[in-house]
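Q: Need a 3D model of the sequence below.
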Amino acid sequence: MSAPSPAPATPPPGVITVFSDIWCSFAHIAIHRLHATRARLGLERQVSFDLRAFPLELLNDAPSPRPGTDSEVARMGSLEPAAGWQLWQAKDWLYPSTTLPALEAVLAAKEQSLSASEQLDLGLRRAFWAESRCISHRKVILDVARDTGAVDVGALAEALDDGRARRALADQAALAATDHVTCSPHLFLPDGSAHANPGIEVGWEGSYGIGYPIVHSDDPKVYEDLLMSAAIE
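A: Residues are numbered from 1 along each chain as shown. Sure thing, here's the model as predicted:
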């Protein structure tokens with residue numbers, strides 16, 4: 001019998017650990033709000049984001065169904081329009097069948113810096129949700145990395161070619177399958193607290209991919225408290 005996966009380590013002061021998938025509309029909102037609130041509060045030098053994978057396709061043993069993401073665009077987009085949203089506009093065969101290469105790239109970019117990883121992650125989310133780009137394709141991932149201006153694209157390509165972040169992706173997937181990480185997004189703070197899908201309470205009408213989300217409440221201000229709590233004094 002294999003040993004149980006350990007709980008996520010409490011991050012050091014000045015870091016928020018975020019487990020999420022790029023396919024997840026709730027994570028798209030959370031990541032946008034983290035970046036926007038950090039900038040508004042002037043905490044770019046005081047708080048960094050350590051991005052971890054919560055790969056839904058591995059947890060569900062199937063790719064994320066397009067009807068599910070399509071059903072979320074209008075309702076979730078109305079909560080945070082500035083994050084960038086649109087129904088899929090590219091050819092049907094260009095819809096990504098996996099987010100694993102993109103998640104791996106975000107982890108690989110951490111070799112360069114947390115900032116490089118943050119910017120690549122943010123760019124890939126916008127590429128999928130707002131620009132209808134196939135983020136499972138290597139060229140798209142590298143193009144997004146180049147567009148950020150924050151990532152050494154050659155170093156990232158080398159990391160993708162030798163798969164050096166794949167072990168971390170697998171380990172994080174195993175942790176995501178335990179009770180320690182319950183959803184995408186799930187945030188862990190230096191004070192030891194954990195926050196699943198911060199500020200949003202949601203239910204569903206019908207099953208995923210057939211019905212649609214119903215938001216019971218939304219409080220974007222929680223991100224101010226989360227960032228202030230994590231900030232280095």
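Q: Now do the contacts for residue 101.
A: For residue 101, the contacting residues are 135, 136, 137, 138, 141, 160, by CB atoms under 8 Å, 6 or more residues apart in numbering. No exception for glycine: its C-beta is placed from N, CA and C like everyone else's.
Q: and with 6 Å instead?
A: residue 136 (CB atoms under 6 Å, 6 or more residues apart in numbering).
Q: where exactly do the helices run in the chain?
A: With helices called from DSSP state H, the chain shows them at 25-41, 56-59, 66-77, 100-109, 114-129, 138-148, 153-162, 166-176, 222-230.
Q: most tightly surrounded among the ones you listed?
A: Comparing the helices of the chain by mean neighbour count (mean count of other CB atoms under 10 Å), helix 100-109 comes out on top with a mean of 25.
Q: Quick check: which ranges of this protein have low pLDDT?
A: Low-confidence segments of the chain (pLDDT under 70): 1-5.
Q: give me that answer again for 50
A: Regions of the chain meeting the criterion pLDDT under 50 cover residues 1-2.
Q: Pretty sure residue 134 sits against residue 143.
A: No: taking CB atoms under 6 Å as the contact criterion, residue 134 and residue 143 are not neighbours in contact, 10.6 Å apart.
Q: where's residue 110 relative to residue 53, distance?
A: Between residue 110 and residue 53 the distance, using CB to CB, to the nearest Å, works out to 11 Å.
Q: With neighbour numbers in mind, choose between the two.
A: residue 53 (27 against 20; other CB atoms under 10 Å).
Q: from what I can see that one touches residue 167, true?
A: No: when contacts are counted by CB under 6 Å, residue 53 is not listed as touching residue 167 (11.7 Å).
Q: can you list residues touching both of these two?
A: Listed contacts common to residue 53 and residue 167 are nil; contacts here mean CB under 6 Å, 6+ apart.
Q: Residue 6 - how many residues pack around it?
A: 9.
Q: Apologies, that question was intended for residue 91.
A: 9.
Q: residues touching it, list them.
A: When contacts are counted by CB under 6 Å, 6+ apart, residue 91 is found next to no other residue.
Q: so how far is residue 215 from it?
A: When CB to CB is the yardstick, residue 91 and residue 215 sit 31 Å from each other.
Q: Quickly note the distance from residue 119 to residue 152.
A: Separation of residue 119 from residue 152 (CB to CB): 12 Å.
Q: Ignore what I typed, I meant residue 198.
A: Taken as CB to CB, the span from residue 198 to residue 152 is 32 Å.
Q: neighbour-wise, which of the two wins?
A: Under the criterion of other CB under 10 Å, the comparison of residue 198 against residue 152 puts residue 198 first, with 19 against 16.
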